[in-house]
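this is a predicted model, with the sequence first.
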Amino acid sequence: MTVATIFQNANILGKEADGLLDLRVVDGRIAEIGPGLTGAEEIIDLNGKLATPGLIESHIHLDKACILARCAPEPETGPTNHAARVTEAKEKFTVEDVYERACRTLEKCISNGTTRMRTHVEIDPPAGLICLEGVMQAAKEYAWAIDVEICAFPQEGLTQADETDAFLLEALDKGATCVGAAPGYDPDHNGQIDRVFALARERDIDVDMHLDFGNTPEDMDLHYVCELTEKFGYGGRVNVGHVTKMSVAAPDDVAEISKRVAETGVALTVLPATDLFLMGRDQDRGIRRGVLEAHRLIPEGVTCTLSSNNILNPFTPFGDGSLMRMANMYANIAQASKPAEIRNCFDMTSFQSARMMRLNDYGIEVGNPADIVVFDAASPEAAVAESIAPEVGYKAGRQTFTRPAAQIHRPA
């Protein structure tokens with residue numbers, strides 16, 4: 001049965017010059033955009049509010065979210081043993097436990113306007129495929145509200161562990177559609193990168209790595225990743241997250257690396273909450289931020305995204321799944337204040353992420369899924385600057401959440 005809905009009086013992102021417009025949605029897809037549309041079973045008046053495509057979490061860890069309470073306390077000062085504390089907790093993961101925490105986190109993200117996501121899932125022993133199975137169940141449970149892509153990766157090394165390689169292969173067989181890496185935790189950085197590229201090429205899937213997390217710019221693996229991306233013609237299919245080493249490199253070096261990244265088609269993801277929390281632990285004053293000013297690279301042709309990464313675990317003991325809060329945090333850290341810069345911050349949670357994930361059906365355009373979030377904001381710049389949460393969202397034209405506006409109660 002064909003069902004039509006008209007969204008009236010929308011201030012559509014990217015079409016603001018056309019004034020308020022209507023959208024006709026038929027069977028979950030945008031069938032028409034224009035003024036004064038009529039003829040539908042349901043009419044939804046957006047009252048001139050900002051309508052944007054659903055937001056995109058381009059890098060998150062559903063499998064180890066919400067575990068802070070079960071982890072050993074953080075050391076009082078100095079470096080944090082965050083990875084070891086997560087590994088210890090991971091030994092007690094069950095499929096049911098991962099499923100419940102992933103569902104809880106998905107609800108946080110959905111209620112903050114996210115309609116698409118790439119989640120990284122660990123496949124190391126002793127958990128093996130427990131994380132994958134729990135996250136896959138959660139993704140299926142919430143498919144009515146969010147599209148979840150799973151990237152399987154070895155958090156604790158690959159080249160030294162045949163069992164981990166076997167788990168990675170099995171995860172890709174079972175439904176992971178992207179392969180990841182964390183060569184910084186492997187005794188053979190290049191060996192892990194080689195293996196991941198080989199798997200990606202064999203299976204025709206994309207690559208998304210945790211890369212170059214460190215306080216100094218020496219020994220960056222990004223150079224080798226660019227080399228392989230170029231060698232195998234994988235431009236536009238490789239993403240690297242963190243890259244904090246670039247944040248402390250000299251400006252001339254950053255310019256040279258950025259040019260190389262743009263030429264080879266490697267995308268960059270910054271994870272401001274995690275990187276700000278973990279970087280500079282070797283300092284007791286003038287602590288470095290450790291967050292790459294990625295928005296400045298977009299005009300140079302680099303695809304850049306920002307995302308939540310970890311939520312409520314030793315890597316990041318904060319988080320609520322709000323990409324507007326993350327964009328606002330990033331804008332403060334990177335000292336982005338010009339309108340074009342703030343727009344880039346919004347785009348890093350939306351259009352840039354769609355480009356990185358190769359989502360060809362993204363955006364409020366005829367033929368695309370009606371994945372729409374509505375902000376009571378004059379512009380995306382205002383949404384970032386004021387950290388405004390969306391007040392209602394739709395997935396394929398179906399309402400998925402509402403957020404009642406706060407009310408001021410004046411005295412009688």
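Sure thing, it's come through.

mind telling me what element the spatially most central residue of the chain is part of?
The centre of the chain sits closest to residue 58, judged by Cα atoms, centre = their mean, with a distance of 2.2 Å. Element membership for residue 58, per DSSP states H and E: strand 55-60.

which strands and helices sit next to that strand?
Strand 55-60 sits against helix 95-110, strand 114-122, strand 238-242, strand 304-306, helix 323-333, helix 351-356, with contacts defined as 3 or more Cβ pairs under 8 Å, 6 or more residues apart in numbering; DSSP states H and E. All C-beta spots, glycine's among them, are computed from the backbone N, C-alpha and C.

returning to what we had before: per-residue confidence for the residue nearest to the centre of the chain?
pLDDT, residue 58: 98.

wait, it sits on residue 357?
Yes. Under the criterion of Cβ atoms under 8 Å, residue 58 makes contact with residue 357 at 6.5 Å.

which neighbours do these two share?
By Cβ atoms under 8 Å, 6 or more residues apart in numbering, residue 58 and residue 357 have these common neighbours: residue 118.

and residue 6, that's in a strand?
Yes. Per DSSP: H, G, I helix; E, B strand; the rest coil, residue 6 lies within a strand segment.

how close does it sit to residue 399?
14 Å (Cβ to Cβ, to the nearest Å).

settle it for me: which of these two has more neighbours?
Higher neighbour count among residue 6 and residue 399: residue 6, with 19 against 13, using other Cβ atoms under 10 Å.

ok, the more buried one - contacts?
Contacts of residue 6 by Cβ under 8 Å, 6+ apart are 22, 23, 24, 25, 37, 38, 39, 40, 42, 43, 44.

looking at those residues, which is nearest residue 152?
residue 25 (34.3 Å; Cβ to Cβ).

now the strand holding residue 58 and strand 238-242, what's the angle there?
80 degrees (axes from the mean of the first three to the mean of the last three Cα atoms, to 10 degrees).

which of the contacts of residue 6 count as buried?
Using 16 or more other Cβ atoms under 10 Å as the burial test, the contacts of residue 6 include 22, 23, 24, 25, 37, 40, 44 as buried.

can you tell me the element the third one falls in?
It refers to residue 24. strand 21-26.

buried stuff in whichever helix or strand comes after that strand?
Per DSSP H and E, strand 21-26 leads on to strand 29-34 as the next helix or strand towards the C-terminus. Buried residues in strand 29-34, counted by 16+ other Cβ under 10 Å: 29, 30, 31, 33.

pull the residues that contact stretch 330-348.
Stretch 330-348 is contacted by residues 270, 272, 276, 289, 291, 293-296, 298, 304-306, 327-328, 352, 380-381, 383-385 when judged by Cβ under 8 Å, 6+ apart.

just these: which are in strands?
270, 304, 305, 306 (DSSP state E).

among these, which one has the most neighbours?
residue 306 leads the ones in strands among the contacts of stretch 330-348 on contacts (other Cβ under 10 Å) with 34 neighbours.

residue 51 versus the residue nearest to that residue when sequence neighbours are not counted, what's the distance?
Excluding its sequence neighbours, the residue lying closest to residue 306 (Cβ to Cβ, 6 or more residues apart in numbering) is residue 348, at 4.4 Å. Counting by Cβ to Cβ, the separation of residue 348 from residue 51 is 19 Å.
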